[in-house]
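>>> Compute the structure for the input listed below.
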Amino acid sequence: MIQLKDITKMYQTGKTTVRALNQVSLTVNKGDVLVIRGPSGSGKSTLLNMLGLLDEPSSGEVWLRGEKVSYRDFDALASIRSKILSFIFQSFNLNPVLTLEENVMVPLMIRSDISRSEKQRRVLDWVEKVGLAAHRHHRPEELSGGQRQRVAIARAMVSQPEVVIADEPTANLDSETTRNLLGFMKELNAERDTAFVFATHDPILENYAKKVLILRDGKVE
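Predicted coordinates for the structure are as follows:
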């Protein structure tokens, strides 16, 4: 599905150049469940951005479904992301003026290949799966941190992506909610071959992993 070849990513901070990733190569296949571990500052979030086509590498190549990714056509790249990839951000990234239900609908708004009734069915299905049906008309400010995390997960799953990329997806969740949500993800992995890439410090996620990658100082250890 996604292949990184000798990816290096440099950031300029004032007069200092930071090498966030250093010649990282990685393949994510259909049906993979990959857990990325490493200390803070090891490059986990940068690696997720590369896998999700959110950031362009300083050097190296990114391949998606056997084709080299071009970062010149941003509209085409956004269209590809909306159909193939989905994201669970640590900071939730919910729209504060939209209701819970509307936030979950966001990834489907630009999908002309899905009927309106099917969009609504999927949204209600996932709102119910994450246990928030009674709160579907609430806005993010009316929800707890754990509830907002569940909204972010529902939003990521509603488009039935081929690859889900998640930064600390179980942060702010209690143990029961974590088990339930990981159960849903395990079902999707088994039934649809959905691939999952998790960057996490939560050891429970390793019980669901098919691969574990350890990053340190921007390198695969």
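>>> Look at the closest residue to residue 2 other than its chain neighbours and report its pLDDT.
Closest residue to residue 2 in three dimensions, ignoring its sequence neighbours and counting by Cβ to Cβ, 6 or more residues apart in numbering: residue 28, at 4.4 Å. No exception for glycine: its C-beta is placed from N, CA and C like everyone else's. Looking at residue 28, its pLDDT is 95.
>>> burial count for residue 28?
As a burial measure, the neighbour count of residue 28 was computed by other Cβ atoms under 10 Å and equals 21.
>>> Please report phi then psi for it.
According to degrees, to the nearest 10, the main-chain angles of residue 28 amount to phi -110, psi 110.
>>> what sits against it?
Residue 28 sits next to 1, 2, 3, 34, 51, 163, 195, 197 when contact means Cβ atoms under 8 Å, 6 or more residues apart in numbering.
>>> Apply 10 Å and report the result again.
Shown here is residue 28, whose contacts under the criterion Cβ atoms under 10 Å, 6 or more residues apart in numbering are 1-4, 34, 51, 64, 162-163, 165, 195-197, 211.
>>> again with residue 151
Residues counted as contacts of residue 151 (Cβ under 10 Å, 6+ apart) are 92, 94, 99-101, 103-104, 126-127, 130, 132, 135-136, 138, 140, 143.
>>> go again using 8 Å as the cut-off
Applying Cβ under 8 Å, 6+ apart, we find residue 151 in contact with 92, 94, 100, 103, 104, 130, 132, 140, 143.
>>> Closest to residue 185 out of the residues you listed?
residue 130 (11.6 Å; Cβ to Cβ).
>>> Tell me how many other residues surround that closest one.
Residues lying near residue 130 (other Cβ under 10 Å) number 23.
>>> Check the spacing between it and residue 110 real quick.
23 Å (Cβ to Cβ, to the nearest Å).
>>> how much space between the spatially closest residue to residue 138 that is not a sequence neighbour and residue 134?
Nearest non-adjacent residue to residue 138, counting by Cβ to Cβ, 6+ apart: residue 100, 5.4 Å away. Remark: distance between residue 100 and residue 134 (Cβ to Cβ) = 10 Å.
>>> who's more crowded, the two?
A side-by-side neighbour count of residue 100 and residue 134, using other Cβ under 10 Å, places residue 100 first with 27 against 9.
>>> So the more buried one is in contact with residue 135, correct?
Yes - in this structure residue 100 lies within contact range of residue 135 using Cβ atoms under 8 Å: 5.6 Å.
>>> shared neighbours, those two?
residue 143.
>>> which residues of this structure fall in strands?
Across the chain, reading from the start of the chain, the strands by DSSP state E fall at 2-13, 16-28, 33-37, 59-64, 67-68, 85-88, 163-167, 195-199, 211-216, 219-220.
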